[in-house]
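Q: need a structure here:
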Amino acid sequence: MIKLSWALIAQHVDEWTGDDTAQGAAVLEARVGAVVDASGMKPETIQHWRTTFLAPVVESLRTEGTTALARGESWSKAAGPFLACASPAS
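A: Reported below is the predicted structural model:
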């Protein structure tokens, strides 16, 4: 089991608990993407936000996060106003 938490500074905090890092990454991408899409930003700003902040964090979870969690270690990554962290949960 892993516990994944994330925050968009001054906007949104959420978490997810599950067995699979790949599923956690998909949930992270979908939930944060939905918040960003509903933010009222212009489409080009939304795309920039997804590319600059969301994508690097999700990719890091899929790679470095998966490795760290498999070793029983925690993982975290920040990009601009976005922070995510994951740790083994019992």
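Q: any regions of the protein where pLDDT drops low?
A: The chain contains no residues with pLDDT under 70.
Q: report the secondary structure state of the residue most central in space within it.
A: Nearest to the centroid of the C-alpha atoms of the chain, with distances taken as CA atoms, centre = their mean, sits Leu28, at 4.4 Å. Of the three states, Leu28 takes helix according to DSSP: H, G, I helix; E, B strand; the rest coil.
Q: and if you look at the one 3 residues further on?
A: At Arg31 the chain is in helix, as set by three-state DSSP.
Q: do the same with Trp6
A: strand.
Q: wait, the residue nearest to the centre of the chain sits on Gly18?
A: No: shown here, Leu28 and Gly18 do not form a contact pair, counting by CB atoms under 8 Å, at 11.0 Å. For the C-beta atoms, the positions are set from N, CA and C on the backbone; glycine is no exception.
Q: partner residues bridging the residue nearest to Ala86 when sequence neighbours are not counted?
A: Computed as CB to CB, 6 or more residues apart in numbering, the closest residue to Ala86 that is not its neighbour in sequence is Leu4, at 4.5 Å. Under DSSP bridges, the beta-bridge partners of Leu4 are Trp16, Ala86.
Q: what's near enough to touch Val32?
A: With contact set as CB atoms under 8 Å, 6 or more residues apart in numbering, Val32 has these partners: Trp6, Leu8, His12, Asp14, Leu54, Phe82.
Q: buried ones among those?
A: Those of the contacts of Val32 that meet the buried threshold are Trp6, Leu8, Leu54, Phe82, by 16 or more other CB atoms under 10 Å.
Q: which one of these is nearest Ser90?
A: Trp6 (20.6 Å; CB to CB).
Q: can you count the residues close to the nearest residue to the closest one once chain neighbours are set aside?
A: Of all residues beyond its chain neighbours, the one nearest Trp6 is Ala84 (4.0 Å), with distances taken as CB to CB, 6+ apart. Ala84 has 26 neighbours, counted by other CB atoms under 10 Å.
Q: fine, thanks again, bye for now.
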